[in-house]
Every structure is written in structure tokens, then in C-alpha cells.
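# Task: produce atomic coordinates for the following.
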Amino acid sequence: MKKTRALRFGALVVGLSMVAAACGGGDEFEKGDGVLRLGGLLPETGNLAFLGPPEFAGVELAVQEINDAGGVGGADVEWLSGDSGDNGEVANATVDRLLAEDVDGFIGAASSGVSLTVIDKITKAGKIQFSPANTSPTFTDYEDNGLYFRTAPSDIVQGAALADLLVADGNGTASFLVLNDAYGTGLLEYTKAPYEAAGGEVAYEVIYDPQAENFDAEVSAAVAADSDAIVIIGFDETTKILTGLIEAGAGPADKNIYGTDGNMGNALAASFDDPSVVAGMKGTMPGVDPGTIKSFTDRLLEVDPDLVDFSYGAEAYDAVIITALAALVARSTDGADIAAEINDVTRGGEKCTSFKQCADLIKDDKNIDYDGVGGAYEFVDAGEPSEASIMILEFDGSGTIQVADVIFGKI
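The predicted structure is shown next:
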């Protein structure tokens, strides 16, 4: 388990896209205390802990690169790590601690359900919450005082991609086993609608409690439905569900099994004594093919050589870079000032692809349009991407995740 750490790299110069006056990277800020402090709200523990390492590495890499380029407002960023866990109790304790340490913004959470337990506390305190992995459509219209942002796309996009995959694979009927939280039920809704519109039939669906002692009833019902496909929208409890399906003769070797970003990682295969039992299982994951951003993943490995998954690492990195650029434009480390500039950093200006390149443009009084490692983003006013890519993943014969295809979509 990764230990909570407070890595102080200094205050980062957060620069937003220029709307009016520009600021120089070394100029003192007009508002705030001059030091950008970002707090972590990422999964070190809990049922999404497999997403934690690449997200932490992405944040730490961004902080290092920003500080190497001169920081934000002439000061280094301060990164104070924190655990989101998988429940409100852990997340709220972390938020309380970091608010007491006067952070200006939070990076996280990964789980949509966890974010919903703390978003009001964070935004009412006037702080930014910037998630690299929340995909629930709930956040698009959430009353967040203009302080909540995400680099992950809404599951409107992932749901459409998953429905297309089901149809393309010839699945006329499908059963859905779905985690009971905002992520699970939202993704179910936005998968079912296009799947049924394309002629697919839902043979069985169940919303389950991820903390249940076992999933025997749900597995038995899904097997009895005898659908062409079984879709599991869940987190690490997917291991128990898959085990039940395999024992019932309805595992990936026998039936078309699909997952989503909450379970499609190498950690799933590693949870079995024989990782090859998941061979053939397919699923969807927002993000870019790690093979196309190898220079970035190599840099992540320098931060954490033990990484086995890279999911949402790029999105975590970009969340920090975008926040820092917005701070530069705002000439402030105040959360509300930074938030007012975040959307425009990603749209409408001169293209740039690194913190230093963008910061130099800001210093020259240029409007910027940051295209990140995770995509072009082009944030809409709701503070989320208007375009994104969805990877189609498949476990190969050894139980290793491979990228089979990438689908591009716009909201």
C-alpha cells in the first residue's frame, strides 16, 4: 500500500489561458499567498486502488516539470498527497486535513461516487476540485460554484462506445451486472439507450451492492438469462463476479464478457492465480493508447518504476498542468480566480503542448489552447472535455491488457 506522503515541490505557477492581461512566469501574483498548493484525493486504498499509482505518478511528474520550468508566479508548487479510499469517511477526513493545510485545489477523486461525498465541502470552501477520472454524467450540471473540473469525459461517450462494441461483436442480447453508485448507474443508462436503439435486447440487469459478501444470486441470474454477452460495470469486486461466472461455465472462455474503466486493468488479471482465465474479456477505457505516448509513459516509469497500468495517468498530469496555466493567467493562487480561467486555457488560443511552451506564450501576452497528453480536451463551460478518445481493450492469451482499437467521440 502506498504511504501517504507530503511531497513539497514548491508553489507551482498555475497559468490559465489569457483572457485579458498577461502575466510573466516570474511575476508576483496579485491575489492569494503566492504559493499554489494542491492536495491529493486519489485512491491509495479501496476498490479503485489499482488506479492510484498512475494517477499519483502523473501528478508528481507534472509538478516536477512545472517547477523545473520556473514554477508558478516565481514559486514552486506544493503537492500534499492524500488518500480518497473508496468511501466518504476516508475522503472527508482527507479533505478536512488538506483544507486545514490551506490547499488551493484538490486533484481527485477517481471514483465518481467518492467525489460526490466531498464536492460540496470542497467547492463551498472556495477550492478547486479537479478529477482525472470521474466519468458520471451527474457532474455536468452539478451546482459546483464553477469550481469542479475533470479531464475524463462524461460516460455519455464511453456508454456509446461500449454499446457500439456490443453490437459490432454480434451480441443481440446482453446482461448487465452494475455497481450501485453514480458511476455504475450512469454508465448503465448511457450504454443501454444506444444499445437498445441499435436493436440490442437487455436480457437481465441488476444493480448490486459492491460491499456484499458474495454475488452468487447475481451471477446465477445472469447465467440463467443465457444472453450473448455479460457486461460487468464494477470495481475490484469484479474478481469475485468473474470467479463465479467462470465456475458456472460462463467465463471469458465460454461467453462474451465485457468490462469498463473501473475494472479493465492488468490488476484484474493479476488477482487470479492463473491470469489467462480472463483472456478474451473486452472492455472500454477513456484515454489514449499508451503505445502512442511512450515518451510520456517512460517518464511516468521514472517517477514510479513499479507501474503496471497507466490508466488516467495522462489525465492526472494534464489536470495539474491546466490548473497551473490557469493560475498564470489569473495572476493568483486563489481557487476561484484560477477556476475562472481553466476552461479557456484549453480552447480558442494558440496551440501549445507543454507547461513551459504555454507559460512562455502567456508571458508574451498570448491566449493559449493547451493540448495535453490525454487529448485536446476543448473544455465546455461545464468544465469538462467536449471531445475524447475511448480505448477498446482486450485481455490476450496471457491475461495482459492490449489496446484493440481507439474510438474518438464528441459530446
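
# Relative to Asp254, how far out is the closest residue to Ala174 other than its chain neighbours?
Among residues not flanking Ala174 along the chain, Ala229 sits closest, at 4.3 Å (Cβ to Cβ, 6 or more residues apart in numbering). Heads up, the C-betas are built off the backbone N, CA and C, glycines and all. Plainly put, Ala229 is 12 Å away from Asp254 if you go by Cβ to Cβ, to the nearest Å.

# Which one of those two is surrounded by more residues?
Neighbours were counted for Ala229 and for Asp254 using other Cβ atoms under 10 Å; Ala229 has more, 22 against 13.

# what sits against that one?
For Ala229, the contact set (Cβ atoms under 8 Å, 6 or more residues apart in numbering) comprises 166, 169, 171, 173-175, 255-258.

# could you redo the last one with a cut-off of 10 Å?
165-166, 169-176, 195, 200, 203, 255-258, 282 (Cβ atoms under 10 Å, 6 or more residues apart in numbering).

# Kindly report the same for Glu218.
Glu218 touches 175, 177-178, 204, 206-209, 212, 232, 241, 244, counting by Cβ under 10 Å, 6+ apart.

# again, only this time at 7 Å
177, 206, 208 (Cβ atoms under 7 Å, 6 or more residues apart in numbering).

# Highest neighbour count among those residues?
Those, ranked by neighbours (other Cβ under 10 Å): first place Leu177, 26 neighbours.

# can you tell me how far the nearest residue to it once chain neighbours are set aside sits from Ala248?
Among residues not flanking Leu177 along the chain, Ile232 sits closest, at 5.1 Å (Cβ to Cβ, 6+ apart). From Ile232 across to Ala248, the span is 14 Å (Cβ to Cβ).

# higher neighbour count, those two?
Ile232 (30 against 16).

# about what we covered before: between Ala229 and Asp254, which contacts overlap?
Counting by Cβ under 7 Å, 6+ apart, nothing touches both Ala229 and Asp254.

# between the contacts of Glu218, which is closest to Gly113?
Tyr208 (13.8 Å; Cβ to Cβ).

# what sits opposite that closest one in the beta ladder?
Leu179 (DSSP bridges).

# is it true that it touches Phe215?
Yes. Using Cβ atoms under 7 Å, Tyr208 makes contact with Phe215 at a distance of 6.3 Å.

# Could I get the contacts of Glu218 in TSV, plus columns for distance to Lys351?
Compiled in TSV, the contacts of Glu218 are given as follows (distance: Cβ to Cβ, whole Å):
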residue	distance to Lys351
Leu177	43
Val206	46
Tyr208	45
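
# Just the strands from the protein, written as ranges.
Ranges of strands in the chain, per DSSP state E, are 37-41, 78-80, 105-108, 128-131, 148-150, 173-179, 201-208, 229-233, 256-259, 282-286, 350-352, 368-370, 387-395, 401-410.

# Distance check, the residue most central in space within the chain against Gly105.
What sits nearest the mean C-alpha location of the chain, by Cα atoms, centre = their mean, is Ala133, with 1.5 Å. Applying Cβ to Cβ, the value for Ala133 to Gly105 is 16 Å.

# Glu55 against Ala314, yeah?
No. Taking contacts as Cβ under 7 Å, Glu55 lies outside contact range of Ala314: 9.8 Å.

# Let's see the pLDDT reported for the residue nearest to Ala174.
In this prediction, Ala229 carries a pLDDT score of 98.

# Over to Ile362?
For Ile362, the model assigns a pLDDT of 97.

# quick one: it and Ala327 touch, right?
No. Between Ile362 and Ala327 there is no contact under Cβ under 7 Å: 10.2 Å.

# between the two, who's got more neighbours?
More crowded of Ile362 and Ala327, by other Cβ under 10 Å: Ala327, with 34 against 27.

# From Leu99, how far out is the more buried one?
19 Å.

# Would you state the helices of the chain in chain order?
Applying DSSP state H to the chain gives helices spanning 52-68, 88-100, 112-124, 155-168, 182-197, 216-225, 238-247, 266-270, 294-303, 313-330, 335-345, 355-363.

# any chance of the ones you listed in CSV, plus distance to Phe149?
Compiled in CSV, the helices of the chain are given as follows (distance: least, Cβ to Cβ, whole Å):
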stretch, distance to Phe149
helix 52-68, 15
helix 88-100, 16
helix 112-124, 11
helix 155-168, 17
helix 182-197, 17
helix 216-225, 35
helix 238-247, 28
helix 266-270, 27
helix 294-303, 21
helix 313-330, 7
helix 335-345, 6
helix 355-363, 17
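
# right, so those helices: which one is the most enclosed?
Of those, the one with the most neighbours on average (mean count of other Cβ atoms under 10 Å) is helix 313-330, at a mean of 30.

# CA atoms of it as CSV?
Provided in CSV are the C-alpha atoms of helix 313-330 (Å, rounded to 0.1, in the frame of the first residue of the first chain):
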residue,chain,number,x,y,z
GLY,A,313,-2.1,8.9,-15.6
ALA,A,314,-2.2,11.3,-18.5
GLU,A,315,-5.4,12.9,-17.3
ALA,A,316,-4.0,13.4,-13.8
TYR,A,317,-0.9,15.0,-15.3
ASP,A,318,-3.0,17.3,-17.5
ALA,A,319,-5.2,18.4,-14.6
VAL,A,320,-2.2,19.8,-12.8
ILE,A,321,-0.7,21.4,-15.9
ILE,A,322,-4.1,23.1,-16.8
THR,A,323,-4.5,24.3,-13.2
ALA,A,324,-1.0,25.8,-13.2
LEU,A,325,-1.5,27.5,-16.6
ALA,A,326,-4.8,28.9,-15.4
ALA,A,327,-3.1,30.4,-12.3
LEU,A,328,-0.6,32.1,-14.5
VAL,A,329,-3.3,33.8,-16.5
ALA,A,330,-5.2,34.7,-13.3
